[in-house]
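Undergrad: sequence-free structure coming up:
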DNA sequence: CTACAATACGGAACACGGTTCCGCTTTGCA
DNA sequence: TGCAAAGCGGAACCGTGTTCCGTATTGTAG
């Protein structure tokens, strides 16, 4: 209790004021650029928007995935917390699953290119992958299990596969009015129903 | 019928022998590289494999999409021709549709990254997009219409959307044993069944 | 208030892949 | 066999991600 930080490790010696300021600035700039140019926007654009050098981005967010995670963390958390809430407030588990998937899809399709980034197997996106999966797969699993236990759906599909499928269906859903990802996802969920 | 070439325009003065040779060599090299490195393999790799300069690729195939089309044309044609054949040889239109989708999925998942390229909205891939859609959407439409006419499926989904959905589900299906695109596509097709 | 060491910064430099350009070679034809 | 046109190879160029380094800012101790 002598090194001044309340944390467990000694590796967080409290950030400098300008570093903190820049981190906030960067998050705002990234959020703004993501809206207009998508999550694959050039690093330089984000740096310019924030009025900082490119290295500053890398210092705060080692990979693009870290930046994306930081920008969307709140919304992912909200989605994760909605799972149990729906399960206890909606009549049937299957309906709750459907509603939850809707939330997930809404989130994905409103962020240019996020769905595509989510499935990228490029090395730099591993943390993004891991974060989404760690956070959401357990939620989805609970919903899936509940619906399966209620006999409403077949039980031979795991949450990981379902979420990847839904994520894939959302790829390219923005900027093309001829493609309605929500409808296809609804079809997929309908296909989940236990065959009578 | 007097200008020596069998074509309609006068803009095809017959290629030189070495050009023809190189085109074949390039197709072979590209096919080989696509198998090992996927359809997004660096242009230089393909050129090196073929033992030609990079400009030669661009001369023969202005965009990567043109090269991909040329490499896979036979298989796309086969898939297109399988549609009517299945429709007349399989018991129900819905079953024929399922079988045809299977063929399509098999084609997509066995070509590294083709499904992803197919949905890319980058400008250079427009011809790839157009080729696939021009060739396969009519086939799919016939199958879909037949199944709808037989009352086996709902009729509020068009072929374009279905094919894009299936294509999307196939993205990243190679190189990950935890993700079985075929199963998800099957679910999607199951969801198509007319609700009783 | 000042000096200094640690921290962070900006932008240049580098790596890499797609695309274009240009001087040279090969081909087809007379 | 000579020659014009077609084709070729690879260097050069451009845009993007990533790293490095000299400089500026910050926090603190005296």
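TA: Everything's here; your move. Remember, predicted model here, so these are calculated numbers, not experimental data. Numbers count the residues shown, from 1 in each chain, chains lettered A, B, ... in the order given.

Undergrad: Near DNA strand C, which residues of chain A are found?
TA: Within chain A, the positions adjacent to DNA strand C are A:13, A:15-16, A:18-19, A:22, A:51-56, A:59-60 by Cβ under 7 Å from any atom of the strand. For the C-beta atoms, the positions are set from N, CA and C on the backbone; glycine is no exception.

Undergrad: next structured bit after the biggest helix by length in chain A?
TA: Determined from DSSP state H, the single longest helix within chain A is helix A:64-89. Toward the C-terminal end, the helix or strand that comes next after helix A:64-89 (DSSP states H and E) is helix A:93-109.

Undergrad: and the angle for that next one with helix A:64-89?
TA: 150 degrees (axes from the mean of the first three to the mean of the last three Cα atoms, to 10 degrees).

Undergrad: What residues sit buried inside helix A:93-109?
TA: Within helix A:93-109, the residues that qualify as buried are A:93-94, A:96-102, A:104-105, A:107-109, counting by 16 or more other Cβ atoms under 10 Å in any protein chain shown.

Undergrad: now the helices for chain A?
TA: In chain A, the segments counted as helices under DSSP H are A:17-37, A:43-50, A:54-60, A:64-89, A:93-109, A:114-119, A:126-149, A:159-169, A:181-192.

Undergrad: Please convert those helices to JSON lines, extending it with mean pLDDT and distance to residue B:71.
TA: Shown next, in JSON lines, are these (pLDDT from 0 to 100; distance: least, Cβ to Cβ, whole Å):
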{"stretch": "helix A:17-37", "mean pLDDT": "97", "distance to residue B:71": "32"}
{"stretch": "helix A:43-50", "mean pLDDT": "98", "distance to residue B:71": "33"}
{"stretch": "helix A:54-60", "mean pLDDT": "98", "distance to residue B:71": "38"}
{"stretch": "helix A:64-89", "mean pLDDT": "98", "distance to residue B:71": "31"}
{"stretch": "helix A:93-109", "mean pLDDT": "98", "distance to residue B:71": "32"}
{"stretch": "helix A:114-119", "mean pLDDT": "95", "distance to residue B:71": "24"}
{"stretch": "helix A:126-149", "mean pLDDT": "97", "distance to residue B:71": "30"}
{"stretch": "helix A:159-169", "mean pLDDT": "97", "distance to residue B:71": "24"}
{"stretch": "helix A:181-192", "mean pLDDT": "97", "distance to residue B:71": "29"}
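
Undergrad: Quick check: the residue of chain A nearest chain B.
TA: In chain A, no residue comes nearer to chain B than residue A:191, which is 3.2 Å away by Cβ to the nearest Cβ.

Undergrad: Any figure for the gap between that residue and DNA strand C?
TA: Residue A:191 is 37 Å from DNA strand C, where distance means Cβ to the nearest atom of the strand, to the nearest Å.

Undergrad: got it, and residue A:164?
TA: Distance, residue A:164 to DNA strand C, by Cβ to the nearest atom of the strand: 26 Å.

Undergrad: So which elements touch the longest helix of chain A?
TA: Applying 3 or more Cβ pairs under 8 Å, 6 or more residues apart in numbering or on different chains; DSSP states H and E, we find helix A:64-89 packed against helix A:17-37, helix A:93-109, helix A:114-119, helix A:126-149.

Undergrad: sorry, back to before: buried members of the residues of chain A next to DNA strand C into ChimeraX, please.
TA: To isolate the buried subset of the residues of chain A next to DNA strand C in ChimeraX, counting by 16+ other Cβ under 10 Å, use the following:
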select /A:22,52,56,60
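
Undergrad: ok, so of the residues of chain A next to DNA strand C, who is nearest residue B:40?
TA: Proximity of the residues of chain A next to DNA strand C to residue B:40 (Cβ to Cβ) peaks at residue A:54, which lies at 25.2 Å.
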